[in-house]
Each structure stands twice: as structure tokens, then as C-alpha cells.
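Undergrad: What shape does this take:
(2 chains)
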Amino acid sequence: METGAPAALTPTRDAPAARHGLWDGFTRFLGRREVLPLLLLIPVLIFFIVWNLIPTLWLLGLGFYRFSLTSGRPPRFAGIYNYQTILNDAGIWFDLSRTFIFVFFAVALETIFGVALGLLFWNSHRLPGRRIALTMLFAPMVLTPVAAGTFWRLIYDPTFGVLNFMIRGLGFRSVDFLGDSHVAFGAVLAVDVWMWTPFMVLMTLAALASVPKAELEAAEIDRLAWHQRLRLIVLHHGKFILMLGILLRTIDAFKTMDLIYDMTYGGPGSTTQLVAMTLYRRAFEAFNMGSSSALAVILLLISIAFTATFIFVLHWRERREASP
Amino acid sequence: MPDIRLTHLSRVFGAFKAVDDITTVFPEGTVTCLLGPSGCGKTTLMRMIAGLEMPTTGSINFGQREMTHLPPGKRDVAMVFQYPVMYRTLSVIENIELPLRRDRKLSAAECRRRADEVLEVLQLTGERHKHIGDLDIGTRQKVAVGRAIARRCDVILFDEPTTNVEVHAKLALIRAFKEFRARLKQTVIYVTHDQTEAMTLADQIALMQSGRISQCAPPHVMYDKPESRFGGWFLGNPGMNFVMPRGRENGTIRFDVLPGALAFPALTLGEVSLGIRPEHVDVLAAPSEDAVPARIIRSSITIGGQNLLSLAVGETRLKAKTAPGAPPADGSTVFIRCRLEHAVFFNDGLRLPEAVRLAS
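TA: Numbering: from 1, shown residues only, chains lettered A, B, ... in the order given. Below you'll find the predicted structure:
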């Protein structure tokens, strides 16, 4: 006679069926057209919220508080006090104007040299040594600003620097590039141009790659002058990528801090003090978190204004043509 | 206007011969259509004439002037590309005037007069101040044609200008091209793979195959007397019928589609075939002494209403075009007569001279 197993040890038929039901439901849920894209977005969204959104909101909030790490007092709500203080601070205005001058000259020179070098490298595929020349050209861009700063500080050194060695060799007196208030700003600017011109070369080469070959050939057959080809064809097709490069460089140059920190520390006096350096000093030397947050918000708004202006200029013609 | 002389012209890309030892003359003041299937080398040949491609070997002369190594700007050529190439920030009139203004001998008034003239012929006067971005692709191509014509260069090159435009714009372009041809007498090279376009526009057609010009002749000669089986197959829609012989005997050759044998003089004959175009095959309802019976496999209607019949005569398959009307039923038996005065004979793929063919 068949006794059979005890009921508790006998696997029932319902349990796996239920598990299958749950699993099926889950796979059906995943299979829905709108679910998978959302699931794939979640890691990016988490990253964005944790690293971008929360710090930005924190920054915005902190700007309305009086909060110094050295006072030992808890943050106190102060309304727009920090903003008023910043706007009434002549030093900040000087730093801002110096930054604007720095950004203008740095980006302009980088664009001019970058476009010129890009045009020289364009269609030079058969030129011997092209690859090594391009690699050497791009080397400054991949250096960390601190390394580049140290490197150039040694080159500029009035006693041991190679540049002064050459100047003396030519019969001139040594120049204290980073210690002379008339020269320091230009010296730092030159290093920034040296570092970031390769980026504009890269953008120019990308822009030139988007120029249709047939249009250049037509221009050659139509005997157009080089400046007409540049204006009517190359810039017309490459302007978006070039403008993007200019925009990225503008925003980046506006934030220049590490290079200055390493080369001059804002000196001599405050002749090379850019606003990002001011922000650093307020936050990590004076530990005035409220004021530095307000200044950071102002810089963020200026960067947004740059971006908006560039995009407006870029699409200005299209909008004008589209209007009745 | 000079003629264009090509001497042993070749262009090699790696192991691929795009243009293979071409020696020919495109006479002055004529329109030569370079016709052939894709990849046959016609665009490469034209680009070498323009100076956009340098030949591997050989030379190019415009009249007595050697052009082989001159850049395009020094050749006095104008060119219309496959896609409408425009200076997109300029208006229609500015696009046409721009190359003219590079010619210091032309006054501003003359530039404007020439531009206005081409706009009138192209029926674009109303669009003269429009921005290029506001025009459709067909109109843009018209402007590109206008820009090339207005320069009045010695040589004008067209690289499949109607390929990417819609049918009405294509007809308008062809009409404008004919109008210009009546007024100006430049040497024109026109690359196309559209045989109708070539037959309509050309003074002579240069048929290309595998980097070589297989035949260069006026359109009617090219159509009626193709030098090779390739020419017979490529021209015509559908192309020529090729009939293989059924048997040879004592210098005569029999074909399924002919009632009797054909006698050939004592020649070293290889693979002989008879070529006849579908419109030269008469389809008869009743038997005739110069016709053979054939079975209709399939019938269809071509543009223009003609019937296109697929026929079988023994093992041989051929096509015939008949006048519009109800075609005979599929599977029915008809009688076909090949008009021998239009037939072409090929020996190893090349046309036999007419003098050697004798009907028995």
C-alpha cells in the first residue's frame, strides 16, 4: 500500500505556479514599451540628481545665509545680504572685469590660432610627419593645468628660466614675467592660449570635415578667392561646430583658477586675480560659505548668459529668414 | 571654342583602373554625352577634364593648349554637379553673378546683364532676389545651371545634373539646356546614365564600359549600329535582342528567328550572334514566307501604349514591340518577321561590318 510523503514535505503545485505568475508579471512589466527606456534612464537620473541638482539647490540656498566655518555659529538666514555685499564690493567688480578681459583675449587668440592651424592641417594627409605634428600640437591640452603651470613657471623664471636665457642671449635684460605687474597678466594669458589652442584646432578640423567637398570643388572651378571660399563655404558649414568650440572655451576660460593658482596665486598684487580665484579664496581661505555660494550663483548666471547669447547669435539668421 | 583632346588618358585608384587608356576627341561646339552604367568611369573622366582629378598617365588638351596639370581655375571650364551646389548665404542673382565678378574684364553692368539673361531663359526672373534656402532642389539646380552658363566658358561640364531633381524640374532643366544650346556654342560634356537624356541632348554619345569608351558616335548611329553587344544591350528599353545561331553549315548560319540560313563570306568566325531591336520584330497573326512561328510567353504595356511581347521560338527567347491595341493572348502562337535591314551581327561580341553579311 502506498503511504505517500508527509504533506509538509511534499512540494505543492501552487507555489511554483505563483512564482511563475510573479515572474511573468515582472517580465510583462519590463516588456512594456515605456518601461525599459525609463529603467535605462534611472542611473543617469540618480547621478544627475545626486551630483548636479542637489548641490546646485544647496548652493542656491546657502547664498541666502550668513555662514562662516570659522565663526562656529550655525547658518543664519540673511535674505539677499550676500548678493548686496558682492555687488557693492569694488574688488569683485575689478576681478570680474579682469576676467572678462582674460576670457575675451584668450578665446579670441585661441580661435584665431586654432582656425589658422586647423586650416594648415586640413587636407595635409600626405604631408610627411603630419601625425607626429598633430600629436605634439595636442600635447598641451592633455596636460593638467597644475603641471603646465609649474612647467611654465620654470620657463618664465627670471634667473634660471630658458626664456630669459634666450632674452639675455639676444642682449636684453631679464624679464620677471610672473613678478612684474605689467607683464604677469599677459604671461598667464599666453600659457592659457598655449594650452587651449589645440582644442580649437580640434574643433576647426571637425568643422572642416563637415564642409561638402562638392562645394569646395565648385568654388575652385568658379575661381573664388580664398577669403570667399572661407566665408561662403567653410564658415557657413563649420560655424556651428566652431561656435560650440568658442562657447565651451568661453565657459571654461571663465572658470580658470588652477593655472593662476599655480603660476601667480593672483599676483603680483591682484593683477592676475580672476573671479574664480576670488571664489576659491572666499570659500577655502576665508571659509565664508554663504558669500562664496552667492558669488558662485552669480558666476553660474553669467555662464548661462554666455550660452544663451551664443545660441541666440548662432540661430539669429535662421530666425530672421523664418520670420515673414 | 576649342575641341577637347584626350590622349592615352588613364586614372588608377590602387589596383582599380577607373579610366583605362582613352584616346578620343570631343569636337568643338558639340554636346558629348558620356553614357554608361554606374562605375564605368564617366564621372572620373569628366573630373579629369575639369581638373578636379589628376590623370595617372596621358594628356588633356583644349585645342592646342595643354591642360593636363593645370588647376580647374585656369582651365576656363564651368561645371554643374549632381547635387545643386550653391553658395547658400547668397541670393539667386548673387549666386550667378559671383563667378562673373571674378572676371576683371567684365564690368558690373555686363555681369548683371548676363545674369539677367540666364534668369530669363531659366524662367527665374521672379526668384532673382530670393534666398537659396527658400528654393526647392529643382530650382536650385536651375540656378547652378545658370551660374555655369552665364560664365560662357570654353567648356561646360554637366555631371548628371538631373539625377536628383523631380520629373517636372528635370523637364524644365532639359528645356533650358536646349534653349541655351541654340544660343551659345560651347563644347559641352554631359555625364548621364539616362539613355533618353543622352539620345535627346547629345550631338554624339561616348558609351563607356569598364573605363574605356566602347563607341563614340551620333545617337542614331549608336542606336542603329552598336559597335558591341554591350552597346546594343545598354541602349534601348528594353535593349537589343541577341539571338544565338542554331547551327553552321558550309559557310552558312541558321538562326531560329529566321526562316532561311544566312551566308557569310570566308571569315574566321568566332561566336556569332544576331542583334535585333524589339521594334524591328514584326508580329503577324497569319503565316508568311519570311516569318517563323513563335509562342507568346507574356505581354505587357510600355510607356506610350505599345505592347511589349516576350516570345519563344524554339529555345530562343526574344522581345517584340507592337502598336497599341489588344495584345495576343499569352500562350497563343503568332508569326514573327525580323527585319533584316535593321539587324546587326556580332562576332565575339563585336559588330561585323555590313559588307560581310549576305542573306541567302
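Undergrad: Put the alpha carbons of stretch A:144-163 into CSV.
TA: The C-alpha coordinates for stretch A:144-163 follow below in CSV (Å, rounded to 0.1, in the frame of the first residue of the first chain):
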residue,chain,number,x,y,z
THR,A,144,46.9,69.0,-16.2
PRO,A,145,46.8,72.8,-15.6
VAL,A,146,49.0,72.4,-12.5
ALA,A,147,51.7,70.6,-14.5
ALA,A,148,51.5,73.2,-17.2
GLY,A,149,51.6,76.0,-14.7
THR,A,150,54.7,74.5,-13.0
PHE,A,151,56.4,73.9,-16.3
TRP,A,152,55.8,77.5,-17.5
ARG,A,153,56.8,78.9,-14.1
LEU,A,154,60.2,77.4,-14.7
ILE,A,155,60.4,78.6,-18.3
TYR,A,156,59.4,82.2,-17.1
ASP,A,157,61.8,82.1,-14.1
PRO,A,158,63.9,85.3,-14.2
THR,A,159,67.1,83.6,-13.1
PHE,A,160,67.0,80.0,-14.4
GLY,A,161,64.2,80.2,-17.0
VAL,A,162,65.0,79.2,-20.6
LEU,A,163,63.0,82.1,-21.9
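Undergrad: List the buried residues for it?
TA: Within stretch A:144-163, the residues scored as buried using 16 or more other Cβ atoms under 10 Å in any protein chain shown are A:145, A:148-149, A:152-153, A:155-158, A:161, A:163. (Glycine included, C-beta is placed from N, CA and C.)
Undergrad: Mind checking which of those residues are in helices?
TA: Among the buried residues of stretch A:144-163, the members falling in helices (DSSP state H) are A:145, A:148-149, A:152-153, A:155-156, A:163.
Undergrad: Of those, which is the nearest to A:D222?
TA: For those, the closest approach to A:D222 (Cβ to Cβ) belongs to A:A148, at 45.0 Å.
Undergrad: List the contacts of stretch B:199-206.
TA: Stretch B:199-206 is contacted by residues B:24, B:26-27, B:30-35, B:174, B:177-178, B:181, B:190, B:198, B:213, B:215-219, B:222-223, B:235 when judged by Cβ atoms under 8 Å, 6 or more residues apart in numbering or on different chains.
Undergrad: Could you tell me the end-to-end distance of it?
TA: By Cα to Cα, to the nearest Å, the extent of stretch B:199-206 from end to end equals 11 Å.
Undergrad: Show me what counts as buried in it.
TA: By neighbour count on 16+ other Cβ under 10 Å, the buried set for stretch B:199-206 is B:199, B:201-202, B:204-206.
Undergrad: same thing with stretch B:304-312?
TA: Buried positions in stretch B:304-312, judged by neighbour count with 16+ other Cβ under 10 Å: B:306-311.
Undergrad: What pLDDT is listed against residue 315?
TA: In the absence of a named chain, chain A is used. Here, the pLDDT recorded for A:H315 equals 76.
Undergrad: let's do chain B instead
TA: pLDDT for B:E315: 86.
Undergrad: Find the residue closest to it in space, skipping its chain neighbours.
TA: Excluding the flanking residues, the one nearest B:E315 by Cβ to Cβ, 6 or more residues apart in numbering or on different chains is B:D256, at 6.9 Å.
Undergrad: Assign a three-state SS to that neighbour, would you?
TA: What DSSP: H, G, I helix; E, B strand; the rest coil gives for B:D256 is coil.
Undergrad: Can you get me a residue count around it?
TA: Neighbourhood size, B:D256 [other Cβ atoms under 10 Å in any protein chain shown]: 18.
Undergrad: That one against B:R317, yeah?
TA: No. Using Cβ atoms under 8 Å, B:D256 is not in contact with B:R317, being 9.8 Å away.
Undergrad: and B:S299, backbone torsions?
TA: Per-residue torsions, B:S299: phi -130, psi 150 (degrees, to the nearest 10).
Undergrad: same question but for B:S10, I mixed them up
TA: Dihedral angles for B:S10 - degrees, to the nearest 10 - are phi -140, psi 150.
Undergrad: Quick check, pLDDT for it.
TA: pLDDT at B:S10 comes out at 96.
Undergrad: go on, the one 4 residues further on?
TA: According to the model's per-residue confidence, B:G14 sits at a pLDDT of 90.
Undergrad: Tell me which stretches of the stretch 101-250 of chain B form helices.
TA: With helices called from DSSP state H, counting those that start in this stretch, the stretch 101-250 of chain B shows them at B:108-121, B:137-150, B:167-183, B:195-201, B:219-224, B:229-234.
Undergrad: Measure how the third one sits relative to helix B:108-121, angle-wise.
TA: Going by axes from the mean of the first three to the mean of the last three Cα atoms, to 10 degrees, helix B:167-183 is angled at 130 degrees with respect to helix B:108-121.
Undergrad: pLDDT of helix B:167-183, averaged?
TA: Here helix B:167-183 scores 84 as its mean pLDDT.
Undergrad: again with the first one
TA: Confidence over helix B:108-121, taken as the mean pLDDT, stands at 90.
Undergrad: what packs against that helix?
TA: Contact analysis of helix B:108-121 by 3 or more Cβ pairs under 8 Å, 6 or more residues apart in numbering or on different chains; DSSP states H and E lists helix B:92-101, helix B:137-150, helix B:167-183 as its packing neighbours.
Undergrad: Measure how the first one sits relative to helix B:137-150, angle-wise.
TA: In other words, helix B:92-101. Inter-element angle recorded for helix B:92-101 and helix B:137-150: 30 degrees (by the same axes, to 10 degrees).
Undergrad: Figure out which of the helices and strands packed on helix B:108-121 is closest to chain A.
TA: Of all the helices and strands packed on helix B:108-121, helix B:92-101 sits nearest to chain A, with 3.9 Å by Cβ to the nearest Cβ.
Undergrad: Please work out which residues outside that closest one touch it.
TA: Contacts with helix B:92-101, where a contact means Cβ under 8 Å, 6+ apart, come from A:222-224, A:228, B:78, B:86-87, B:90, B:106, B:108, B:110-112, B:114-115, B:118-119, B:124, B:127-130, B:132, B:135, B:143, B:146-147, B:150-151.
Undergrad: and if you look at stretch B:169-177?
TA: Residues contacting stretch B:169-177 (Cβ under 8 Å, 6+ apart): B:121-123, B:136-139, B:141-142, B:145, B:161-162, B:165, B:197, B:200-201.
Undergrad: What is the distance between that stretch and the centre of its chain?
TA: Computed by Cα atoms, centre = their mean, to the nearest Å, the chain-centroid distance of stretch B:169-177 equals 17 Å.
Undergrad: Equivalent analysis for stretch A:279-289, please.
TA: The chain centroid and the centroid of stretch A:279-289 are separated by 22 Å under Cα atoms, centre = their mean.
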